[in-house]
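> What follows is a protein structure lacking sequence information:
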DNA sequence: AGGATGGCGTTTACGCCGTAAACGAGCGGG
DNA sequence: CCCGCTCGTTTACGGCGTAAACGCCATCCT
């Protein structure tokens, strides 16, 4: 597994060979905010609560997050949170928003910052890597990003942030996509990103839960399974292998090719694309 | 390549305006099991409980499902369920399994039954439509299929059922895929299916929740949004449009083309595919 | 026949949950 | 000085998942 020590520099989209480093794994640096936190929480605010919730989910999992426990990590009773957050559900929405917003915050050189870009393909690649970085940084939070209803009911997830959808559509529009094609591209892109990243973080979760469940005689279990499932048995080592980064690049590239085709078809037919 | 030529034949179910019929929308018929149920539950068993849970989630949503409420729909106290189900989490796993197993049950003509097929492309198309039918029949259950950890930790979701993965790998193996390529295909296929269907059912959920939230002055809300988000404003009618079926076919076809390419590359290099 | 047995649903109870409501403690401005 | 405001606490309630004890009743052995 490539935990990678090295940064990315050029990051042109041609990485599919087999010893792929995984630049999306580099951590997002925390804000230099550590003053005197152990001594005193120094007063609550909504942002502090949301950050604490993100951290909590990362460490303990979504199921373990309760208002009381979250409060206690902040040195406060549960009810104190309700002055800043309407309730648990809204808190989760806030967590999603906060995590997605980091797309704009941590520019971190040249990879993730999506405000400035050269061309829609560059934009889509940056956005994809930005989202993937978020997913890998917060694997337990990401399913929330995918499953919460969108902010506006008529916009489809998983991007959820109106700001993000707006920037997406605007970029494609500027790139020459007629509206119809831009929307089709948005959906194809969303579903690709959602599917790949959800699969990837779920795998991470499964690996983790594998570690803390080494219970009674898994050998017998294995053998019975394998008897019924010869193909599974034969490919088990391959199934366990992690080539997520390479597969991600491959699929992303393929999608971009597809969108490129879509763009040219739309242009040639004068923007009158009836179907996808 | 273009494997969708045969398709379905009749299926008049025309619902999404334009031109696209959506055969996956036809309901799966319930078993002819309705004897005297209102008079007496006639005794619990695990299957009855799981079916009741599926129905409950379909009608009330996952969040509303509690042991007490589920019990009461069966005319029974909550604790009675524990004789057949170890706990709530296991019940949810059971729900997922039961729903996925219907892939084999309801053959229903020629579209969904995946045991018998002619070639791997046919199989993948049938499987995709089968899964989509399940997703559309149980939109509130499907996110569960996607987010539960897999049955074996080293197999990645969303298919989750070992039986299904086994049949997938076996079919591709028979179709000439070397193991490495079959596994790559499994992952690409899984992530496509997961992404598309999750997006689609989430949209259904959003539409539903739109209906029961017609609250205070949405007009003002709209205008403020639109001021900040011109591209969203312009494309709103397009974003709301439902072309899921067409987009599904398009993406599926594209994926099959990609897998076909993968197969031939793998064959030409003698099964020695280093990367995807 | 009659008592033991064991399957199955109920009752009771416990601790944790989200959160409504009332309650102070501290503080800055008239 | 004390009013009123901000902000965290206390108390309380109903619902949750579920452990444990408790009937009830059909069946079976003798």
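Happy to help now that I have it. On a predicted model such as this, the values are computed, not experimentally measured, just so you know.

> ranges for the helices of chain A?
With helices called from DSSP state H, chain A shows them at A:46-60, A:67-73, A:78-81, A:88-105, A:120-137, A:142-147, A:162-174, A:179-211, A:218-228, A:230-240, A:244-268.

> Output the below-cut-off pLDDT ranges for the stretch 51-200 of chain A.
A:106-116, A:149-160 (pLDDT under 70).

> Quick one: residues contacting the residue nearest to residue A:133 when sequence neighbours are not counted.
Once flanking residues are discounted, residue A:133 sits nearest to residue A:24: 4.4 Å by C-beta to C-beta, 6 or more residues apart in numbering or on different chains. Where you see a C-beta, it was placed from the backbone N, CA and C, and this is true even at glycine. Counting by C-beta atoms under 8 Å, 6 or more residues apart in numbering or on different chains, residue A:24 makes contact with A:129, A:132, A:133, A:136, A:245.

> Highest neighbour count among these?
residue A:132 (25 neighbours; other C-beta atoms under 10 Å in any protein chain shown).

> Isn't it up against residue A:251?
No - with contact defined as C-beta atoms under 8 Å, residue A:132 does not count as touching residue A:251 (11.3 Å).

> What is the neighbour count of residue A:77?
12.

> Now for residue A:241: which residues touch it?
So residue A:241 contacts residue B:183 (C-beta under 8 Å, 6+ apart).

> Phi, psi for it please.
phi -60, psi 150 (degrees, to the nearest 10).

> Could you measure from residue A:117 over to residue A:126?
6 Å (C-beta to C-beta, to the nearest Å).

> So which residues on chain A come close to DNA strand D?
Those residues of chain A that sit near DNA strand D, judged by C-beta under 7 Å from any atom of the strand, are A:43, A:44, A:71, A:76, A:77, A:78, A:79, A:80, A:83, A:84.

> For DNA strand C, tell me which of those residues show up nearby.
A:78, A:79.

> before we move on, back to that, can you name the two of the contacts of residue A:24 that are farthest apart?
The most widely separated members of these, counting by C-beta to C-beta, are A:133 and A:245 (11.5 Å).

> Show me the contact partners of stretch A:177-191.
A:120, A:124, A:128, A:156-159, A:165, A:168-169, A:172-173, A:255, A:258-259, A:262-263, A:266-267, A:271, A:273, A:276, B:192, B:195-196, B:198-199, B:234-235, B:238-239, B:241, B:243, B:247, B:251.

> hmm, back to that, mind putting the contacts of residue A:24 in CSV, distance to residue B:98 included?
Below are the contacts of residue A:24 laid out as CSV (distance: C-beta to C-beta, whole Å):
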residue, distance to residue B:98
A:129, 38
A:132, 33
A:133, 37
A:136, 33
A:245, 35
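
> and of these, the nearest to residue B:97?
Closest to residue B:97, out of all of these and judged by C-beta to C-beta, is residue A:136, at 29.1 Å.

> Please verify my assumption that that closest one contacts residue A:25.
Yes - with contact defined as C-beta under 8 Å, residue A:136 reaches residue A:25; the gap is 5.7 Å.

> got a list of what residue A:78 touches?
Taking C-beta under 8 Å, 6+ apart as the test, what residue A:78 contacts is A:66, A:67, A:68, A:70, A:71.

> From residue B:241, how far out is the closest residue in space to the second one that isn't next to it in sequence?
In other words, residue A:67. Nearest non-adjacent residue to residue A:67, counting by C-beta to C-beta, 6+ apart: residue A:78, 4.1 Å away. To residue B:241, residue A:78 is 43 Å away according to C-beta to C-beta.

> Then residue A:62?
From residue A:62 to residue B:241 the distance is 33 Å (C-beta to C-beta).

> How about residue A:92?
From residue A:92 to residue B:241 the distance is 29 Å (C-beta to C-beta).

> Ok, residue A:84 next?
Distance from residue A:84 to residue B:241, by C-beta to C-beta: 38 Å.

> Residue A:119 now?
Residue A:119 is 27 Å from residue B:241, by C-beta to C-beta.

> and the contacts of residue A:78, which are buried?
Buried subset of these (neighbour count, 16 or more other C-beta atoms under 10 Å in any protein chain shown): A:67, A:70, A:71.

> Same list, the residues you listed, but as a markdown table with distance to residue B:140 please.
Below are the buried ones among the contacts of residue A:78 laid out as a markdown table (distance: C-beta to C-beta, whole Å):
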| residue | distance to residue B:140 |
| --- | --- |
| A:67 | 25 |
| A:70 | 27 |
| A:71 | 31 |
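
> Let me know the closest of those to DNA strand D.
Nearest to DNA strand D, judged by C-beta to the nearest atom of the strand, of those is residue A:71 at 6.6 Å.

> The one residue in chain A that gets nearest to chain B - how many residues pack around it?
Residue of chain A nearest chain B, by C-beta to the nearest C-beta: residue A:195 (2.2 Å). Neighbour count for residue A:195, taken as other C-beta under 10 Å: 27.

> Alright, calling it a day.
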